[in-house]
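>>> need coordinates for the below:
(one chain, ligands or ions: 1)
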Amino acid sequence: MAAAILTAVSGAAAAQSNVTVYGLIDTVSIESIAGLSPEEVEWLTRTAQIDRNKLPLAMRANMPPWLLDKLIARDGEAAAMELAAALNQPAPLDLRVNAIKANREDVMAALAAAPILCEATPYSPLGLRVIKKPALQNLPLFKDGAIEVQDEGSQLLAQIVGVKRGEMVVDFCAGAGGKTLALGAAMRNTGRLYAFDISEKRLAKLKPRLARSGLSNVHPVMIAHENDAKVKRLAGKIDRVLVDAPCSGLGTLRRNPDMKWRQTVETVAEMNVKQISILTSAARLVKAGGRLVYGTCSFLNEENEDIVTEFLQANPDFTLVPMNTVLAEQKIDLDTGEYLKMLPHVHHTDGFFAAVLERKK
Ligand SMILES: C[S@@+](CC[C@H](N)C(=O)[O-])C[C@H]1O[C@@H](n2cnc3c(N)ncnc32)[C@H](O)[C@@H]1O
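Reported below is the predicted structural model:
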């Protein structure tokens, strides 16, 4: 790592490389970087003392210029810098209580005895925010599936799908099942929940989590692509469909700070093509009066509102259910306008977006 740092800054000394180094110093302490020579420690220490206010904005924000420019054009400089600052802070550790195994108060008391201090999350009725970050893997609560690690924003996205007992539900992009587990528990282990994904590896990671959770209503299904014949077979039969779409992941930069350096305007545009294609195919599953929920862990309009607008223009049999209505149905005291928009500097969650679309009866 040390060699890579010096190559990055002493080569062409490109602004981008310097941004990376400042970001690294902000995220991890110099002492925690192994294998540095005394000269490298000295150089990094001097770099860390530079007055950030004299640096160009993108360096201060620790963001690629294309991304910062986009945010400034949309939100103004102050708001963009506030979001950037929040994304440069480490994320808290949030847990979701598995309602078919435990309730939040009992879990809180059991954790306190461990002793692990936590507080109830403000929006998700099943969430706990752990004060420090202890290892949880060996706790009986974790092994028995009473708790799962899940950001509060992700919990909310599952909650606003509004699943009920006995329903037919599809989690179209289930991955390793973060939201699948929340949906299955909200269905009280009844009905049928299909967990689709194109990644065998991710679906395999869902299996041990499912075993711990005690859920028997989840059916993982590997699909080749969004237009797979397995999707067509369920057309018009599903009460609730969640599309937790593949996206830039920029909303999770607190956990994956390197992600922003791998995204470009072009990768986002490629993702948009996939997003509208998946949403359009998943929509076929929804029965009359049923709901389709489109979500991302991104804060970019291109991946969020713009996809929903394009979808609604092409699919007039769907209408947007205002998020205020959805959140009120779930008894969640939160107002984020027409859509769910969770942001780290406002809600202390990862960045999440969701829209609820209903098929006309
Ligand atoms: C944002 S991740 C899902 C995260 C997951 N829902 C969770 O809560 O942990 C997006 C997922 O979409 C899957 N995916 C990508 N293309 C897909 C497609 N055409 N059809 C279904 N799933 C797809 C990816 O494999 C990835 O697991």
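
>>> and stretch 209-229 with the ligand, contact?
Yes. Stretch 209-229 reaches the ligand (Cβ under 6 Å from any ligand atom) through 223, 225, 226. (Glycine included, C-beta is placed from N, CA and C.)

>>> neighbours around residue 143, how many?
Applying other Cβ atoms under 10 Å, we find 12 residues neighbouring residue 143.

>>> check the secondary structure at the closest residue to it other than its chain neighbours for me.
The shortest distance from residue 143 to any non-neighbouring residue, by Cβ to Cβ, 6 or more residues apart in numbering, is to residue 212 (6.9 Å). Using DSSP: H, G, I helix; E, B strand; the rest coil, the three-state assignment for residue 212 comes out as helix.

>>> ok, now which ones touch residue 212?
Residues in contact with residue 212 (Cβ atoms under 8 Å, 6 or more residues apart in numbering) are 142, 143, 144, 145.

>>> quick check: the second one vs the ligand, distance?
Yep, that's residue 143 we're talking about. According to Cβ to the nearest ligand atom, to the nearest Å, residue 143 and the ligand sit 20 Å apart.

>>> mind checking the backbone torsions on that residue?
Taking degrees, to the nearest 10, you get phi -60, psi -30 for the backbone angles of residue 143.

>>> equivalent analysis for the one 5 residues further on, please.
Summarising the backbone geometry of residue 148 under the convention degrees, to the nearest 10, its torsions are phi -130, psi 150.

>>> from what I can see it touches residue 206, true?
No. Counting by Cβ atoms under 8 Å, residue 206 is not a contact partner of residue 148; they are 11.6 Å apart.

>>> related to what we said a few turns ago, ok, the contacts of residue 212 vs residue 62, which is closest?
residue 142 (33.0 Å; Cβ to Cβ).

>>> what's around that closest one, how many residues?
As a burial measure, residue 142 scores 16 neighbours (other Cβ under 10 Å).

>>> next one: residue 201
With other Cβ under 10 Å as criterion, residue 201 counts 9.

>>> buried residues in the top helix by length along the chain, which are they?
Looking across the chain with DSSP state H, the single longest helix is helix 265-283. Using 16 or more other Cβ atoms under 10 Å as the test for burial, helix 265-283 gives 268, 271, 272, 275, 276, 278, 279, 280, 281, 282, 283.

>>> please name the nearest non-neighbouring residue to the third one.
Which is residue 272. Using Cβ to Cβ, 6+ apart, the nearest residue to residue 272 is residue 302, at 5.7 Å.

>>> is the ligand contacted by the longest helix of the chain?
Yes. Helix 265-283 comes into contact with the ligand (Cβ under 6 Å from any ligand atom), by way of residue 278.

>>> follow-up on the earlier one: so which of the buried residues of helix 265-283 would you say is closest to residue 190?
Looking across the buried residues of helix 265-283 and measuring by Cβ to Cβ, the closest to residue 190 is residue 282, at 22.4 Å.

>>> closest point of the stretch 1-150 of the chain to the ligand, which residue?
Residue of the stretch 1-150 of the chain nearest the ligand, by Cβ to the nearest ligand atom: residue 150 (7.9 Å).

>>> mind listing what that residue touches?
Residue 150 sits next to 94, 95, 96, 127, 178, 182 when contact means Cβ under 8 Å, 6+ apart.

>>> just checking, what packs against the longest strand along the chain?
Criterion DSSP state E: the longest strand present in the chain is strand 286-296. Other elements packing on strand 286-296 under the criterion 3 or more Cβ pairs under 8 Å, 6 or more residues apart in numbering; DSSP states H and E are strand 238-244, helix 265-283, helix 305-314, strand 318-321, strand 352-359.

>>> and the first one with helix 265-283, angle?
Following axes from the mean of the first three to the mean of the last three Cα atoms, to 10 degrees, one obtains 170 degrees for the angle between strand 238-244 and helix 265-283.

>>> need the residue closest to the centroid of the chain.
By Cα atoms, centre = their mean, the chain has its centre lying nearest to residue 297, at 3.9 Å.

>>> for the nearest residue to that one once chain neighbours are set aside, grab the count of nearby residues.
The shortest distance from residue 297 to any non-neighbouring residue, by Cβ to Cβ, 6+ apart, is to residue 251 (4.0 Å). Applying other Cβ under 10 Å, we find 30 other residues in the vicinity of residue 251.

>>> and residue 196, that's in a helix?
No. Counting by three-state DSSP, residue 196 falls outside a helix, being strand.

>>> list the contacts for it?
Contacts of residue 196 by Cβ under 8 Å, 6+ apart are 170, 171, 172, 173, 174, 221, 222, 223, 230, 231.

>>> mind running it again at 6 Å?
Taking Cβ atoms under 6 Å, 6 or more residues apart in numbering, we find residue 196 in contact with 172, 174, 221, 223.

>>> get me the contact residues on the chain for the ligand.
Residues of the chain lying near the ligand (Cβ under 6 Å from any ligand atom): 154, 172-179, 196-199, 202, 223, 225-226, 244, 246, 278.

>>> about what we covered before: of the contacts of residue 150, which belong to strands?
Going by DSSP E, the strands hold 94, 95, 96, 127 from the contacts of residue 150.
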